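Chemist: for reference, the sequence and a predicted model appear below.
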Amino acid sequence: MKKVIQIWFMAALLSGGLAGCYDDEGNYDYKDINEMTYTIKASIKGGNEIAIDSLGYSRCKQSPEDITVVYTPVVTQSMVSGEENLVYEWSVVKQGEGTVRVDTVKELELEFPKNTASEYSITFRVTDNTTNVSFYKSLRIKTVQPYLNSWFVLNGEEGARRLSVVEEPDSVQYVISYDGYGDLGLSDLEERKVILEADALIYSPNIDFDSPATPELLQIMTKDGIWNMKPNTLTMTKMRINSDLSMVDRMEGSVESGTTATVDGRGQLYLSTDGKSYELLFPNDENYHVDVIGHNLGETQCVGFWDNNTKKFGYADATRWGNSSAYFIDVPVEGVEEQEILWLGPEFGDTKENQSFGMAIGRNKSTQEYTVYHITQDEKNEYVITPQNIGLLRGTPSGFATAPYAWPGQFFYISGNSVYRFNGTDESIELYDAGNPIRQIKFRMLTQSVGRDDEIRVMGLAVEGTDGWELHQISLTNGGDLEEEKVKIFEGFGPIKDFCFSFRNSFAE
C-alpha cells in the first residue's frame, strides 16, 4: 500500500504543474486518496492578470501609481468539495530586508509603490489536514521598467481601440501586453479614453526638453486633438495647437531632428519641436496644400510635401530653431502631369556635391509605369529633381518605405502578402511572404544619429491574418536580403490602425 501511495504522490507532483515539493507524515490509515492539484494566479487588484512561468518567476511592471498584486491559489480536490481541510501559508522575503511577513490567508496581497524597483522571494505552502500532506511552491517577483525597446500597436475597431505593447521583441522571451494600461494597473485612468478613438501613433526619441534623462515621447492623434505620452508610464498631456481646426488627417515623426509633423483638414502643415504644441506653417509666398507628406528627409532635416494643385514639391525646416514658413521647390517636374505622386520619403545621401532631400514615387495614370523622382541639392544649394522611369513593378504596391542610411538607391514596398525590394535600377525582388495581406510597413527607425545602427534594418508589418491581425518583424542584412532566422510573428491583435517602435534613448544629453 505504501508503495502505491508513493507512486501516486509522484504523479500528483507531475500533474500539478506548479507543485514544488511535499511533506508526507505517514498517515496511511485509509484506502482512498484525496488527490489534490493546484496552480497560482497573479493579478493586479482591479486590473490584468500577471503571468507566472513554470519556474515561478513573475514580472510586475512598475506603474506610475501605487498598485496591489493579488496571488491566488486555485486548488482542486478529488474527495472534498470545500476547503475547510486546507491550511495556507505564505512566507515573503524582500530583497535587502529579509523576511517581511508570514501570512496564513488564502490570497496574498503585495503592495508595489509607484515607480519603484522591488524584488520578492515567496514560499507558498498548502497543507491537507486529512492526510498531513503539504505542497510547496517558490515564487520570485521582480518589478521592471515597462515598455522599453517595444512595439506599440494601436489596434481594434474605432471607439474600442486599445494600446498593445510587444516588449523586447528580439528576445525569445518577449512579452505581449494586449492592454498596456491594464498591465500597469491603470484600467480606470481617465486619459485611457483617448486611445478608444485614436487614429495615429508616432514616436520621437529626443523631443521632451523637460525630461532630459527620458526625452522620448509617443504622440496619439484623435479627431479632437493630439496628446503626448511618456512610453514608460502611458501618462498623457494634451498638446496645444495654434488653430481652431481639428487635426483630422495624419501625422509623421522624425528621429533625425526630433520634430513631428501633422496636416489638418484643409491641407495645412503643422510642426512640433518641443512635444508641447503644434505651430501652423504659413506659406512663404503662395498658398500650399499638402497631399503627400514625407519626413526625416536625410541630411536636410526637412519636412517635405507634394501639392497636387500646383504640381510642386515643397518643404519646411524641421530643425528646432527653424522658421515657421512652408516653401515650394520651384523646379519643373518632368512628366508630372501624367503622374499620380504616391509617396515621398528619405533617400540615401551618397555624395557631398549632391545632398539628398528625398525621393518621390509616382505612377503613370495611363501606363501604370512608375517613376522615381530623386530630389537633391547641388554644391550651390540649388534643388535638382531627376526623374528615373523604372517601368512596371511586381504586384500592386500599396505602401513604400526606405531606410536612407542602409541601402543607396533602393526602396521597399508591399503588395498583397509580400514585401519587395526595388534594387535601384530595374528589378523588384520578393523578400518575404507574410501568408496574409500586409496592410502597413514601417522601419523601426530611419537614422543612425541615436547610436542604434542595427535598428535601421528592422521593419514591422501589419498583417491581416485569418484569425486576427498580426505584427510581423523582419530583419534585413547589409545587402538588403531577409534574415530568415530572425523573423518574428506576434499574434492576437484586433485590426491594426498604426504602430511604432520605442526605446530608451540613452544617448540623450
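Modeler: Structure's in. What do you need?

Chemist: I'd like the next helix or strand past the strand or helix carrying residue 227.
Modeler: According to DSSP states H and E, residue 227 maps onto strand 225-229. Going down the chain from strand 225-229, the next helix or strand is strand 236-238, by DSSP H and E.

Chemist: for that following strand, name the packing helices and strands.
Modeler: strand 225-229 (3 or more C-beta pairs under 8 Å, 6 or more residues apart in numbering; DSSP states H and E). Quick note: C-beta positions are derived from backbone N, CA and C, even for glycine.

Chemist: ok, now with 10 Å
Modeler: For strand 236-238, the elements it packs on are helix 193-196, strand 217-222, strand 225-229, judged by 3 or more C-beta pairs under 10 Å, 6 or more residues apart in numbering; DSSP states H and E.

Chemist: closest to residue 415 out of the ones you listed?
Modeler: Closest to residue 415 of the helices and strands packed on strand 236-238 is strand 217-222 (C-beta to C-beta; 27.1 Å).

Chemist: from the contact counts, what lies against that closest one?
Modeler: Other helices and strands packing on strand 217-222, by 3+ C-beta pairs under 10 Å, 6+ apart, are strand 150-155, helix 193-196, strand 200-204, strand 225-229, strand 236-238, strand 250-253, strand 260-263, strand 496-502.

Chemist: now with 6 Å, please.
Modeler: If you count contacts as 3 or more C-beta pairs under 6 Å, 6 or more residues apart in numbering; DSSP states H and E, strand 217-222 packs onto strand 200-204, strand 225-229.

Chemist: so for residue 95, which of those strands sits nearest?
Modeler: Closest to residue 95 of the helices and strands packed on strand 217-222, according to C-beta to C-beta: strand 225-229, at 31.1 Å.

Chemist: one step back: quick one: buried residues of the strand holding residue 227?
Modeler: Within strand 225-229, the residues that count as buried by 16 or more other C-beta atoms under 10 Å are 226-229.

Chemist: the stretch 401-509 of the chain: strands as residue ranges?
Modeler: Using DSSP state E, counting those that start in this stretch, the strands of the stretch 401-509 of the chain run over 411-415, 418-422, 428-433, 438-443, 458-465, 468-475, 488-493, 496-502.

Chemist: pick the most deeply packed of those strands.
Modeler: strand 411-415 (a mean of 24; mean count of other C-beta atoms under 10 Å).

Chemist: what angle sits between that strand and strand 458-465?
Modeler: Relative orientation of strand 411-415 versus strand 458-465 (axes from the mean of the first three to the mean of the last three C-alpha atoms, to 10 degrees): 10 degrees.

Chemist: and strand 411-415, what does it pack onto?
Modeler: strand 399-401, strand 418-422.

Chemist: the nearest residue to residue 333 once chain neighbours are set aside in helix, strand or coil?
Modeler: In space, and not counting its chain neighbours, residue 333 is closest to residue 385: 5.7 Å by C-beta to C-beta, 6 or more residues apart in numbering. Of the three states, residue 385 takes strand according to DSSP: H, G, I helix; E, B strand; the rest coil.

Chemist: residue 385: how many residues sit nearby?
Modeler: Counted by other C-beta atoms under 10 Å, the residues lying close to residue 385 total 17.

Chemist: swap in residue 34?
Modeler: Using other C-beta under 10 Å, residue 34 has 14 other residues around it.

Chemist: give the contact list for it.
Modeler: Listed by C-beta atoms under 6 Å, 6 or more residues apart in numbering, the contact set of residue 34 reads 77-80, 130.

Chemist: which of those residues sit farthest apart?
Modeler: The two members of these with the most space between them (C-beta to C-beta) are 78 and 130, at 11.7 Å.

Chemist: any low-confidence regions in the stretch 151-300 of the chain?
Modeler: Residue ranges of the stretch 151-300 of the chain with pLDDT under 70: 244-257, 296-300.

Chemist: can you rerun that using 80?
Modeler: Residues of the stretch 151-300 of the chain that meet the criterion pLDDT under 80 lie in 205-210, 212-214, 242-259, 295-300.

Chemist: what about the nearest residue to residue 92 once chain neighbours are set aside, helix or strand, and which?
Modeler: Among residues not flanking residue 92 along the chain, residue 101 sits closest, at 4.8 Å (C-beta to C-beta, 6+ apart). Using DSSP H and E, residue 101 maps to strand 98-103.

Chemist: direction included, what does that strand pair up with?
Modeler: Its sheet considered, strand 98-103 pairs with strand 86-94 (antiparallel) by DSSP bridges.
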